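Visitor: A predicted structure for the sequence below; I have some questions about it.
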Amino acid sequence: MWINHRFFKYLTGVILVLICIFFLELLHFFEPILKIFNTLFYPFLIAGFLFYLIRPLVGALAKIKFFPKPVAILVVFAGIAGVIYAGFNLLADKVIKQMTNISNLPQNLKDSAKEAEKQIEKKDMGMLSTDALSQRVNSFFSDFIQTISDNASQIFSAIAGATTVLIIVPIVLFFLLKDGHKLIPFLRKAFPRRFKVEVEDLLKDIDKTLSAYLIGQVTVAFVDGVLAYIGFLIIGLDYALVLSMFIIITAIIPFFGPIIGTIPAFVVALMQDPAMALYVIIIIIVVQQLEGNLVAPLVLGNRLHMHPLTIILLIIVAAPLFGFIGMVIIVPLYAVVKMVLKDLYKMYQAHT
């Protein structure tokens, strides 16, 4: 009989689960769980991200006879802290100075608009509406830069206030590096014996995919920032270091990241010299060509086996829903979910 078909049994189970979730939500059952999740999400996300970046270094050190894994982890932590300290001493003054100057850009825009208005009034003999022209130019660029400045201040305020995260992340990261190899055997025990081989292979594939993607994407972003910094220095762009660092951060997002990172550089170049804005566009085009044809194929390859249009649509959807973090994690998350569903379906077909 059709009602006894396996599909309807599964459908009935899903409906019952959804009904239970609905009533539990009415009783506010999930509120404590959501609070715990929101508290631990970012520390574990950051720790997981750093885990994949640092694990190769720890593994290489742990192979040396005199470096057991805990010692190797502490040595890598000390090395990273040393690099951060040295970089801070070398670049802190320059970065702070450039950030301070960038924060003054809105006022500089207003002053430039007033100066342009005076020049137009001298030369146009009253034929142009300088009030309307200057108002539009001033309003657009001033509001745009002010928005960037406000968002930057919010980001830095959030980072400055994240003392708890800074304490939790190193602890979680240490134990992930120390005992991360035990995770796959632990998860494998939750499955029946006949699925253990397939589940272990699936978990290993997920681990390799995430590791290769994250390391590759960070490498590509760093190379983009370095190449952009060299180009900015060549054309003499103001605030070249800060602008290239911003490109490194945003370039972690595929496709749209470098474009987002270029917007501040373009605005600064337009303020410095309109011709400079054209040079910035040329530099970014050259950087993107080098990335797309040389750096990305060499570092990333085709690890995720995803069509570029799929990646673009994922990022477009994630941006308004989850913001910057969503744009960063949506692509590897989709790849993992796709891999899990595909392999689970294969296991289902093989064992039925």
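Guide: Sure, I can see it. Numbering: from 1, shown residues only.
Visitor: which intervals of this protein have sub-threshold pLDDT?
Guide: 1-7, 27, 92-95, 97-164, 296-305, 351-352 (pLDDT under 70).
Visitor: Please identify which helix or strand holds residue 89.
Guide: Element membership for residue 89 (DSSP states H and E) is helix 69-103.
Visitor: so residue 169 touches residue 49, yeah?
Guide: No: Residue 169 is not in contact with residue 49 according to C-beta atoms under 8 Å; the separation is 9.7 Å. C-beta coordinates here come from the backbone N, C-alpha and C atoms, glycine included.
Visitor: what is in contact with these two at once?
Guide: Counting by C-beta atoms under 8 Å, 6 or more residues apart in numbering, no residue touches both residue 169 and residue 49.
Visitor: who's in contact with the residue lying closest to residue 195 once chain neighbours are set aside?
Guide: What sits nearest to residue 195 in space, not counting adjacent residues and going by C-beta to C-beta, 6 or more residues apart in numbering, is residue 347, at 6.1 Å. Shown in contact with residue 347 (C-beta under 8 Å, 6+ apart): 195, 198-199.
Visitor: Next, residue 29: phi, psi?
Guide: Per-residue torsions, residue 29: phi -70, psi -30 (degrees, to the nearest 10).
Visitor: how close does it get to residue 38?
Guide: 16 Å (C-beta to C-beta, to the nearest Å).
Visitor: Tell me which helix or strand the residue nearest to residue 195 sits in.
Guide: Going by DSSP H and E, residue 347 is in helix 308-350.
Visitor: again with residue 67
Guide: Per DSSP H and E, there is no helix or strand for residue 67.
Visitor: Next, find the distance separating residue 28 from residue 34.
Guide: For residue 28 relative to residue 34 (C-beta to C-beta), the value is 10 Å.
Visitor: next one: residue 269
Guide: If you go by C-beta to C-beta, the gap between residue 269 and residue 34 works out to 44 Å.
Visitor: neighbours around residue 8, how many?
Guide: 12 (other C-beta atoms under 10 Å).
Visitor: for it, helix, strand, or coil?
Guide: Assigned by DSSP: H, G, I helix; E, B strand; the rest coil, the conformation of residue 8 is helix.
Visitor: Can you tell me how far it is from residue 15?
Guide: Residue 8 is 10 Å from residue 15, where distance means C-beta to C-beta.
Visitor: Equivalent analysis for residue 295, please.
Guide: Taking C-beta to C-beta, one finds residue 295 at 49 Å from residue 15.
Visitor: Neighbour count: those two, which is higher?
Guide: residue 295 (18 against 10).
Visitor: Settle this for me: the more buried one is touching residue 220, isn't it.
Guide: Yes: here residue 295 lies in contact with residue 220, judged by C-beta under 8 Å, at a distance of 5.6 Å.
Visitor: could you point out which element follows the helix or strand harbouring residue 227?
Guide: Using DSSP H and E, residue 227 maps to helix 196-235. Counting by DSSP H and E, the next helix or strand C-terminal to helix 196-235 is helix 240-250.
Visitor: any idea of the angle that following helix forms with helix 196-235?
Guide: For helix 240-250 against helix 196-235, the angle by axes from the mean of the first three to the mean of the last three C-alpha atoms, to 10 degrees is 160 degrees.
Visitor: Show me which positions of the next helix or strand after helix 240-250 end up buried.
Guide: Downstream of helix 240-250, the first helix or strand assigned by DSSP H and E is helix 256-272. By neighbour count on 16 or more other C-beta atoms under 10 Å, the buried set for helix 256-272 is 256-258, 260-262, 264-272.
Visitor: got the end-to-end distance for stretch 170-187?
Guide: 24 Å (C-alpha to C-alpha, to the nearest Å).
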